[in-house]
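Enquirer: next come a sequence and a model predicted from it.
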Amino acid sequence: MDLPIAQYKMNDVAASSAVVDAMGLQNGVYGIAGTPGNVNSVPGKISTALSFNGTDEFISLADNAAWDNMKSIAAWVKLAADYTDLGYISARATSAATSWRVFMETHANDRIIFMTGGDSTVSVSTTSGIPRNVWTFLVVTFDGTTGSIYIDNVEATYAAGQTIVAVSDTAIKPTFGARWDNEATPTVLFPMKGALDNVLIFDRVLTPPEISVLWNNGNGTEGFGEAGRRGRYSSNYRSRYNA
């Protein structure tokens, strides 16, 4: 399968705030209350993972033109058993503007919600949630008109009354584990309590067979098969976003 534009394996060194992108596009920064801090490394689904305390820990990425082309996000997610609020997995949003949001609504059966509009616009939401304290493989895809959510390699059942809004071209920095309230302050909202492993961002919609490859019979994988090792992205593709 083709490579993602970014891959955060979450195998990062505990004495550093750097969250490495294996594709070389954009490393992240692990933050505590808006200040870079040492990552909290824990046993993961595949290797190690990064955990979040549900209060002030999250990962931020710099703005990059590549994020405008987000079409799929995949991640292994482990939601803490005692978490009771909303929990953001990934977002490119503030309280005032949105490009995309993926979060768990923990007070509504831990359902998964994908939003491309403002706070009152639910683009895609599942009718059931994900289990607590268990590694779950989550994939969200968006082709510009239709959003889809897969949980453990199975497409979810969706709630009615959903509205798709076009993803905006915004300069908001993406985050994992929370979403911005105000970037300038900086403050965040709805930090998740749990852990993330092997977060992938693609600029195309993943197909069910490709999702199955990443699912890997429930074991997960940090690789992409023979086609992925060859890849379709050259260093020139990545470098024009790093310039």
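Expert: That came through, no problem.
Enquirer: in this structure residue 23 contacts residue 2, no?
Expert: No - counting by Cβ atoms under 8 Å, residue 23 sits too far from residue 2 to count as a contact (11.5 Å). Where you see a C-beta, it was placed from the backbone N, CA and C, and this is true even at glycine.
Enquirer: which elements pack onto the longest strand along the chain?
Expert: With secondary structure taken from DSSP state E, the chain has its longest strand at strand 193-202. The contact analysis (3 or more Cβ pairs under 8 Å, 6 or more residues apart in numbering; DSSP states H and E) places strand 193-202 against strand 6-8, strand 48-53, strand 72-79, strand 86-93.
Enquirer: helix or strand right after that strand?
Expert: Using DSSP states H and E, the helix or strand that follows strand 193-202 in sequence is helix 208-215.
Enquirer: neighbour count: residue 23 and residue 2, which is higher?
Expert: When neighbours are counted by other Cβ atoms under 10 Å, residue 23 and residue 2 differ, and residue 23 comes out ahead with 19 against 16.
Enquirer: hmm, back to that, okay, the helices and strands packed on strand 193-202 in JSON lines with mean neighbour count next?
Expert: Written out in JSON lines, the entries for those read as follows (neighbours: other Cβ atoms under 10 Å):
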{"stretch": "strand 6-8", "mean neighbour count": "25"}
{"stretch": "strand 48-53", "mean neighbour count": "22"}
{"stretch": "strand 72-79", "mean neighbour count": "24"}
{"stretch": "strand 86-93", "mean neighbour count": "25"}
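Enquirer: need the pLDDT of the most centrally placed residue in the chain.
Expert: Note on the chain: the residue nearest the mean C-alpha position is residue 90, at 3.9 Å, using Cα atoms, centre = their mean. According to the per-residue confidence, residue 90 scores 81 in pLDDT.
Enquirer: alpha carbons of the longest strand of the chain, as PDB, please.
Expert: This file holds the C-alpha atoms of strand 193-202, laid out as PDB (Å, rounded to 0.1, in the frame of the first residue of the first chain):
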ATOM      1  CA  LYS A 193      -7.100  10.200  29.200                       C
ATOM      2  CA  GLY A 194      -5.500   7.200  27.800                       C
ATOM      3  CA  ALA A 195      -2.900   6.300  25.200                       C
ATOM      4  CA  LEU A 196      -2.200   6.500  21.400                       C
ATOM      5  CA  ASP A 197       0.000   4.200  19.300                       C
ATOM      6  CA  ASN A 198       1.000   4.400  15.700                       C
ATOM      7  CA  VAL A 199      -1.000   7.400  14.400                       C
ATOM      8  CA  LEU A 200      -1.000   7.700  10.600                       C
ATOM      9  CA  ILE A 201      -2.200  10.500   8.400                       C
ATOM     10  CA  PHE A 202      -2.900   9.900   4.700                       C
END
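Enquirer: number the chain from 222, please
Expert: Sounds good: first residue 222 from here, last item strand 414-423.
Enquirer: give me the sheet partners of it and which way each runs.
Expert: Here strand 414-423 has these sheet partners by DSSP bridges: strand 227-229 (antiparallel), strand 269-274 (antiparallel), strand 293-300 (antiparallel).
Enquirer: and after the shortest one, which helix or strand comes next?
Expert: Under the assignment DSSP H and E, the closest C-terminal helix or strand after strand 227-229 is strand 239-240.
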